[in-house]
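Participant: Generate a structure from the sequence data that follows.
(one chain, ligands or ions: 1)
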Amino acid sequence: MDLRYSPAEQVFRAEVRQWLAEHVPAAPLPDFDSSVEGFEAHRAWERTLHAGGWGMVTWPVDYGGRGLDLIRWLIFEEEYYRAGAPLRVNQNGIFLLGPTLIEYGTPEQKARFLPAMAAGDEIWAQAWSEPSAGSDLAGVRSTLVRDGDEYVLSGHKIWSSRAVHADWAFGLFRTPGSERHKGLSLVFFPLDAAGVTVKPIARLDGKPVFAELFLDEVRVPAFNRLGAEGQGWSVCMSTAGFERGLMLRSPARFQMAAARLVELHRGRADSVEPEVRARVLQAWMDADAYALSIYSTASRLMAGGAIGPETSTNKIFWSELDLDLHRTALALLGAEAELTGAAPDASADIGDWLDGYVFSLAGPIYAGANEIQRNIIAERMLGLPR
Ligand SMILES: Cc1cc2nc3c(=O)[nH]c(=O)nc-3n(C[C@H](O)[C@H](O)[C@H](O)COP(=O)(O)OP(=O)(O)OC[C@H]3O[C@@H](n4cnc5c(N)ncnc54)[C@H](O)[C@@H]3O)c2cc1C
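Facilitator: So this is what the prediction gives:
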């Protein structure tokens with residue numbers, strides 16, 4: 001891996017930077033979880049990105065992308081976070097399902113789903129977890145039954161992020177009578193289909209960030225199954241690989257937070273305890289270390305390699321890094337850390353640290369709980385006894 005950017009990559013970075021400078025909204029968009037208006041404002045931003053050709057730079061041109069490599073995706077992400085551009089409301093689609101569709105989808109499925117996803121016309125939710133199958137995903141009980149050219153879906157999903165306003169969901173369903181990893185299939189269903197009930201779940205702050213999905217004999221075309229019937233586990237593990245190992249959390253997110261942390265420290269340097277100063281330094285180094293490791297993974301994938309054990313190690317690393325960054329910021333802020341952005345004496349930046357901290361608490365849980373990732377590392381990578 002050559003650690004220098006090529007001249008062509010530098011030209012690309014300048015192009016991204018200029019486009020973002022001209023198009024990123026001057027004022028932050030309203031939160032996409034709190035209201036239809038916020039969600040639709042983010043959808044409009046996805047459309048603006050797509051119109052500029054920046055919906056998902058790595059996808060083939062025919063499906064709404066630019067056909068670029070993963071290094072350019074990382075450069076795009078760095079510029080995106082540096083510009084303070086809006087969070088991607090369609091991240092479940094573009095970062096998780098999209099790459100899986102490119103790997104497993106038929107040409108007809110790719111043509112049907114990818115362009116609409118890239119354009120923000122169809123926003124996706126992930127419907128994997130069930131009340132008794134979160135960490136133990138092989139325990140899902142929702143069923144699919146083939147009926148001619150259709151599947152009939154039934155069951156109960158939970159913790160589906162953004163499903164309150166999204167258009168489609170991808171879920172894991174089991175052929176009745178099958179057990180554990182066998183007999184599972186990955187199927188897409190529209191969230192407004194007959195038989196689907198979407199019940200919002202409020203987070204601690206009251207925002208309807210999640211939903212429960214009740215499926216009562218929902219009919220979808222067999223065309224909506226991704227991969228072979230009964231092969232859903234391996235298709236899902238491919239999605240999980242992207243989620244944990246590469247795409248869900250690009251390094252830019254943490255490098256930007258580390259830069260803000262250093263800035264926060266600079267403004268208070270005279271009064272900071274040496275122990276807190278050391279934590280700032282460590283978090284900043286960890287964010288850079290994470291970036292180097294992702295660049296290394298991207299280089300390996302571009303040379304024909306496959307995602308490996310980093311699906312588990314990265315997941316643990318980025319989620320704990322996010323916690324460290326935010327806990328250190330709160331230590332720097334001292335008593336001010338308790339202020340939300342809405343408090344009269346708080347700058348928006350102070351409230352952002354508190355909000356970010358609350359969200360970082362969920363990092364060790366979503367995308368595969370860290371305890372489970374540690375089990376995988378112990379048993380499958382290190383060969384330790386169960
Ligand atoms: C912010 C957020 C967003 C989410 N978004 C989505 C989404 O969009 N779509 C979706 O389908 N799901 C989503 N989830 C759900 C998430 O994937 C599950 O919450 C997660 O997999 C844990 O499952 P669970 O909640 O059933 O907990 P449980 O499986 O009951 O686990 C509870 C605790 O026990 C531990 N544990 C369980 N089994 C073992 C074991 N064998 N060894 C050691 N420890 C164990 C777990 O690690 C965890 O700490 C989201 C969750 C959060 C917090």
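
Participant: how about the CA coordinates for the lowest-mean-pLDDT helix or strand in the chain, as CSV?
Facilitator: None of the helices or strands of the chain scores lower by mean pLDDT, DSSP states H and E than helix 348-360, at a mean of 86. Written as CSV, here are the backbone C-alpha positions of helix 348-360 (Å, rounded to 0.1, in the frame of the first residue of the first chain):
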residue,chain,number,x,y,z
ALA,A,348,-24.5,24.3,19.7
ASP,A,349,-21.2,22.5,19.8
ILE,A,350,-21.5,21.7,23.5
GLY,A,351,-25.0,20.2,22.9
ASP,A,352,-23.6,18.1,20.0
TRP,A,353,-21.1,16.5,22.3
LEU,A,354,-23.8,15.4,24.7
ASP,A,355,-26.0,14.1,21.9
GLY,A,356,-23.1,12.3,20.4
TYR,A,357,-22.2,10.8,23.7
VAL,A,358,-25.7,9.4,24.2
PHE,A,359,-25.6,7.9,20.7
SER,A,360,-22.1,6.5,21.2
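
Participant: And the ligand, is it touching that?
Facilitator: No. Using CB under 6 Å from any ligand atom, we find that helix 348-360 stays clear of the ligand, coming within 7.4 Å at best. The C-beta positions use only the backbone N, C-alpha and C, and glycine is treated the same way.

Participant: in that helix, what counts as buried?
Facilitator: 350, 352-354, 356-357, 360 (16 or more other CB atoms under 10 Å).

Participant: elements contacting the next helix or strand after it?
Facilitator: Toward the C-terminal end, the helix or strand that comes next after helix 348-360 (DSSP states H and E) is helix 370-376. Contact partners of helix 370-376 among helices and strands, from 3 or more CB pairs under 8 Å, 6 or more residues apart in numbering; DSSP states H and E: helix 310-333.

Participant: Just the angle for the helix it packs on relative to helix 348-360, thanks.
Facilitator: 140 degrees (axes from the mean of the first three to the mean of the last three CA atoms, to 10 degrees).

Participant: Tell me which other helices or strands helix 310-333 touches.
Facilitator: Taking 3+ CB pairs under 8 Å, 6+ apart as the contact cut, helix 310-333 packs with helix 232-245, helix 251-267, helix 274-302, helix 348-360, helix 370-376.

Participant: pull the CA atoms of that helix into CSV?
Facilitator: Taking C-alpha atoms only, helix 310-333 is exported to CSV below (Å, rounded to 0.1, in the frame of the first residue of the first chain):
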residue,chain,number,x,y,z
GLU,A,310,-11.7,-7.1,10.6
THR,A,311,-15.5,-7.4,10.4
SER,A,312,-15.3,-8.1,14.2
THR,A,313,-12.2,-6.3,15.2
ASN,A,314,-13.3,-3.0,13.4
LYS,A,315,-16.7,-3.1,14.9
ILE,A,316,-15.3,-3.3,18.4
PHE,A,317,-12.6,-0.7,17.6
TRP,A,318,-14.9,2.0,16.1
SER,A,319,-17.6,1.7,18.7
GLU,A,320,-15.2,2.0,21.6
LEU,A,321,-13.3,4.8,19.9
ASP,A,322,-16.6,6.7,19.5
LEU,A,323,-17.2,6.3,23.3
ASP,A,324,-13.6,7.4,24.1
LEU,A,325,-13.9,10.5,21.9
HIS,A,326,-17.2,11.6,23.5
ARG,A,327,-16.3,10.7,27.1
THR,A,328,-13.0,12.7,26.7
ALA,A,329,-15.0,15.7,25.4
LEU,A,330,-17.3,15.5,28.4
ALA,A,331,-14.3,15.4,30.7
LEU,A,332,-12.9,18.5,29.0
LEU,A,333,-16.3,20.3,29.3
